[in-house]
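1. Pasting a predicted model and its sequence here:
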Amino acid sequence: MYATYQTFEDADRHAYSLSGWDQQYDQVGEGSFRSSVKQVATEAVQVFQELANVRMVQRGQLPPGRVSFGLMLGGAAPFSFQGVKVDESALILGGGGKEFVLHSPPQMSLVGVAIDMALLETVADLEGFDLEPDVLAQQVLSIPSAARARAGRRIVASVEAALVQPASFDAPAQKQFAHDVTGCIVDLLAFHVPNREDRLTYACRADIVRRSHELLLAQPEQPLSIMGLCMSLRVSRRTIQNSFQSVTQMNPVAYLRAVRLAHVRRLLTSTAQRDVSVGEAALRWGFSNLGHFASDYKSHFGELPSQTPRAR
């Protein structure tokens, strides 16, 4: 994994810092150049957030073998990509190796994401979508500004988390990072891709909830992610969400957390403090952050775990 945060006073140095991008940045606005780049790259995904204070024109070729996306987070005026006006209700996209021209305004903030096509198709399949070639062939897609803002915040938060503790980003964490970022992009593409028709019966949905519950019990110390459930059950995230909502009237994250909390409480009430501490009980059921655990426990049961009666 490659993770870095850099600041620049020269447009060429800024452009050169973006690994795998064959491009040039020309400063066309007046003033002293000031910019920054936050960048994280794994085997299958490259993400960067760039900011610059003056108007620029960016020319070059998109990274080969990947599909590239751009989200506008801010600017003193609209952007322009391949002759198309781009504002905060748009998603830029382009295939690998394509030439591009991007005009960026003063005070611009942009998130760029380059994803291996295989990973993009895998995550889209998990989400329950078929990526249509004509959608990926477009250069600018209109998307709701609120959805764009949410995706931008999630991607930037993922980048910043990687930059804070790059040493902790082992292979599983890098894989999760790649899936999370790709999931954000797929969520935006979903506005232009028809959903597969959901014909699951109530019994099928109940079975998905049952199997999810059993997976949790099989590895209590390792909290299940929605992406992990999708891969284990071979269904889309939307199918999992709809199944839990239909059967439990709860979202899957809240339901599975509640089950783990219930098991912690059962462990506390059936053991003495000298045998099993609150912290140990929490860890046995996948709560590694004891502060968050105590808050969740009190919210769920109306008391702190330390106030729960213990066996004697």
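-> That came through, no problem.
2. just so I have it, where are all the helices in the stretch 151-300 of the chain?
-> Taking DSSP state H, counting those that start in this stretch to define them, one finds helices in the stretch 151-300 of the chain at 171-189, 202-218, 226-233, 237-248, 252-270, 278-284, 290-301.
3. Now render those as CSV, adding mean pLDDT and mean neighbour count.
-> To be clear about C-beta, it is placed using only N, CA and C from the backbone, and glycine gets the same treatment. What follows is the helices of the stretch 151-300 of the chain, written out as CSV (pLDDT from 0 to 100; neighbours: other Cβ atoms under 10 Å):
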stretch, mean pLDDT, mean neighbour count
helix 171-189, 90, 20
helix 202-218, 93, 15
helix 226-233, 88, 17
helix 237-248, 86, 19
helix 252-270, 94, 17
helix 278-284, 95, 17
helix 290-301, 92, 15
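4. With respect to Arg312, which of those lies nearest?
-> For the helices of the stretch 151-300 of the chain, proximity to Arg312 was assessed by Cβ to Cβ; helix 252-270 is nearest, at 11.2 Å.
5. then stretch 173-184 to PDB, C-alphas only?
-> Taking C-alpha atoms only, stretch 173-184 is exported to PDB below (Å, rounded to 0.1, in the frame of the first residue of the first chain):
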ATOM      1  CA  ALA A 173      -7.500  -3.800   5.900                       C
ATOM      2  CA  GLN A 174      -6.400  -2.900   2.400                       C
ATOM      3  CA  LYS A 175      -9.000  -5.200   0.900                       C
ATOM      4  CA  GLN A 176     -11.700  -3.600   3.100                       C
ATOM      5  CA  PHE A 177     -10.500  -0.200   2.100                       C
ATOM      6  CA  ALA A 178     -10.700  -1.100  -1.600                       C
ATOM      7  CA  HIS A 179     -14.200  -2.600  -1.200                       C
ATOM      8  CA  ASP A 180     -15.500   0.400   0.900                       C
ATOM      9  CA  VAL A 181     -14.300   3.000  -1.700                       C
ATOM     10  CA  THR A 182     -15.600   0.900  -4.600                       C
ATOM     11  CA  GLY A 183     -18.900   0.500  -2.800                       C
ATOM     12  CA  CYS A 184     -19.200   4.300  -2.600                       C
END
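6. what's the nearest residue to the residue nearest the centre of the chain if we skip its chain neighbours?
-> Centroid check for the chain by Cα atoms, centre = their mean gives Asp180 as the closest residue, at 3.0 Å. By the measure of Cβ to Cβ, 6 or more residues apart in numbering, the closest residue to Asp180 outside its immediate chain neighbours is Ser158, 5.6 Å from it.
7. In a strand, Leu51, correct?
-> Yes. According to DSSP: H, G, I helix; E, B strand; the rest coil, Leu51 belongs to a strand.
8. Near it, how many other residues are there?
-> Around Leu51 there are 18 other residues, counting by other Cβ atoms under 10 Å.
9. My guess is it contacts Pro105. True?
-> No. The pair Leu51 and Pro105 fails to qualify as a contact (Cβ atoms under 8 Å) at a distance of 11.8 Å.
10. Could you report the separation of the residue nearest to Asp180 from Arg148?
-> 16 Å (Cβ to Cβ, to the nearest Å).
11. about what we covered before: out of the helices of the stretch 151-300 of the chain, the one nearest Thr308 is which?
-> Of the helices of the stretch 151-300 of the chain, nearest to Thr308 by Cβ to Cβ is helix 252-270, at 4.8 Å.
12. export the helices of the stretch 151-300 of the chain to JSON lines and tack on distance to Val111?
-> Listed next are the helices of the stretch 151-300 of the chain as JSON lines, based on distance: least, Cβ to Cβ, whole Å:
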{"stretch": "helix 171-189", "distance to Val111": "10"}
{"stretch": "helix 202-218", "distance to Val111": "32"}
{"stretch": "helix 226-233", "distance to Val111": "21"}
{"stretch": "helix 237-248", "distance to Val111": "22"}
{"stretch": "helix 252-270", "distance to Val111": "25"}
{"stretch": "helix 278-284", "distance to Val111": "36"}
{"stretch": "helix 290-301", "distance to Val111": "28"}
